[in-house]
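Student: Need a 3D model of the following:
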Amino acid sequence: MFKVNADGTPRKALKGRRNDNSLVLANGKNGGWTPHDLRRTGATIMQGLGITMDIIDRCQNHVLPGSKTRRHYLHHEYEQETRVAWHLLGERLQAILDGVEEPVVHDMTSVLSATKLMQIVQSMHPAQLMQLIQQIPAAQLMQHAR
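Tutor: Below you'll find the model as predicted:
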């Protein structure tokens, strides 16, 4: 799991970084797991769930690709979108622990439209929100609460 040179010796830490394997998890299938292994695995699972690369990059705190102009002017934090992505990853990990084999691939278009809906709901006055919720049948609310 650790990066090594061609001769098998441990690779030196990257400039400005340190090799900190104090969080290595023992008893992994092929030996110890490092935090980076878990990070890479989480990103791969998110990709398999249909989460877009831009959102995965933001979950990993990567700078979005593109020109300096885009990076200078576009400052959306993707908070809602990353929250949804982390939630979907958590659901998938729980399914793996529960022995469910097949992942559910999500249509991120509907997830993102749900994110927009969430922003609208959050901007509503609490009384308006309660009035709206009372109009939704209880069975439908329970179905979407899962």
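Student: Which helix runs longest in this protein?
Tutor: The helix spanning the most residues in the chain, taking DSSP state H as the definition, is helix 79-97.
Student: What degree of burial does A95 show, as a neighbour count?
Tutor: Other residues within reach of A95, judged by other C-beta atoms under 10 Å, total 14. (C-beta placed from N, C-alpha, C; glycine too.)
Student: hang on, the earlier thing: mind checking the pLDDT average for the longest helix of the chain?
Tutor: Per-residue pLDDT values over helix 79-97 give a mean of 87.
Student: CA-only coordinates of it in CSV, if you can.
Tutor: C-alpha atoms of helix 79-97 as CSV (Å, rounded to 0.1, in the frame of the first residue of the first chain):
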residue,chain,number,x,y,z
GLU,A,79,-22.1,22.8,-0.1
GLN,A,80,-25.5,21.2,-0.9
GLU,A,81,-24.1,19.1,-3.7
THR,A,82,-21.2,17.7,-1.6
ARG,A,83,-23.6,17.0,1.3
VAL,A,84,-25.8,14.9,-1.0
ALA,A,85,-22.7,13.1,-2.4
TRP,A,86,-21.4,12.3,1.2
HIS,A,87,-24.9,11.1,2.1
LEU,A,88,-25.0,8.8,-1.0
LEU,A,89,-21.6,7.4,-0.1
GLY,A,90,-22.7,6.8,3.4
GLU,A,91,-25.7,4.9,2.2
ARG,A,92,-23.6,2.8,-0.1
LEU,A,93,-21.1,2.0,2.6
GLN,A,94,-24.0,1.0,4.9
ALA,A,95,-25.4,-1.2,2.1
ILE,A,96,-22.0,-2.9,1.8
LEU,A,97,-21.9,-3.6,5.5
